[in-house]
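Student: fold the following.
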Amino acid sequence: MGLRKGMVLLGESSEPRATWRFSCDVLVLHSSTTMRCNYQPVLHCRNVRQSARIVRMDREVLRTGTKASLDFEFLFRPEFIAVGSRLIFRE
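Tutor: Below you'll find the predicted structure:
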């Protein structure tokens, strides 16, 4: 396992774990499309920039102004996401 852009240096006491799936609460500020399960936006969260798929939603569809609880799954590799981190997703 080599180094790649965006990796972070953490102490051993923090017990970091990379994850494929995570849950978050979102508010859609603006979207010209309707989002459903299996929608694949690019997530930006601190040093993470990767495509992810929506695997679960507490609503049927997401549109501008909608709040929802989502489960995302990364498409290419697991990532370290700190609890409480904010994220932006885009097409």
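
Student: show me the shaky parts of the protein.
Tutor: Residue ranges of the chain with pLDDT under 70: 1, 6.

Student: which residues sit against the longest strand along it?
Tutor: Determined from DSSP state E, the single longest strand within the chain is strand 48-57. Contact partners of strand 48-57, identified using C-beta atoms under 8 Å, 6 or more residues apart in numbering, comprise 6, 21, 35-43, 68-77, 79-81, 89. C-beta: built from backbone N, CA, C; applies to glycine.

Student: just checking: what are the partner strands of it?
Tutor: In the sheet, strand 48-57 lines up against strand 42-45 (antiparallel), strand 67-74 (antiparallel) (DSSP bridges).

Student: ok so, going back, for ChimeraX, what selects the buried ones among the contacts of strand 48-57?
Tutor: A single ChimeraX command selects the buried members of the contacts of strand 48-57 (16 or more other C-beta atoms under 10 Å):
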select :35,39,41,43,68,70,71,72,74,79,80,81,89
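
Student: got the strands paired with strand 48-57 as TSV, with distance to residue 53 columns?
Tutor: Below are these laid out as TSV (distance: least, C-beta to C-beta, whole Å):
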stretch	distance to residue 53
strand 42-45	10
strand 67-74	5
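
Student: to residue 17, which of these lies closest?
Tutor: strand 67-74 (13.4 Å; C-beta to C-beta).

Student: partner strands of the helix or strand following that closest one, parallel or antiparallel?
Tutor: The helix or strand immediately downstream of strand 67-74 is strand 88-90, counting by DSSP states H and E. Using DSSP bridges, strand 88-90 pairs in its sheet with strand 42-45 (antiparallel).

Student: can you give me the offset of the strand it pairs with from its chain's centre?
Tutor: Centre-to-centre, strand 42-45 and its host chain are 6 Å apart (C-alpha atoms, centre = their mean, to the nearest Å).

Student: one step back: nearest to residue 31, of the strands paired with strand 48-57?
Tutor: Among the strands paired with strand 48-57, strand 67-74 sits nearest to residue 31 (C-beta to C-beta), with 12.0 Å.

Student: correct me if wrong: residue 45 contacts residue 85.
Tutor: Yes - the pair residue 45 / residue 85 is scored as a contact, 5.3 Å apart, by C-beta atoms under 8 Å.
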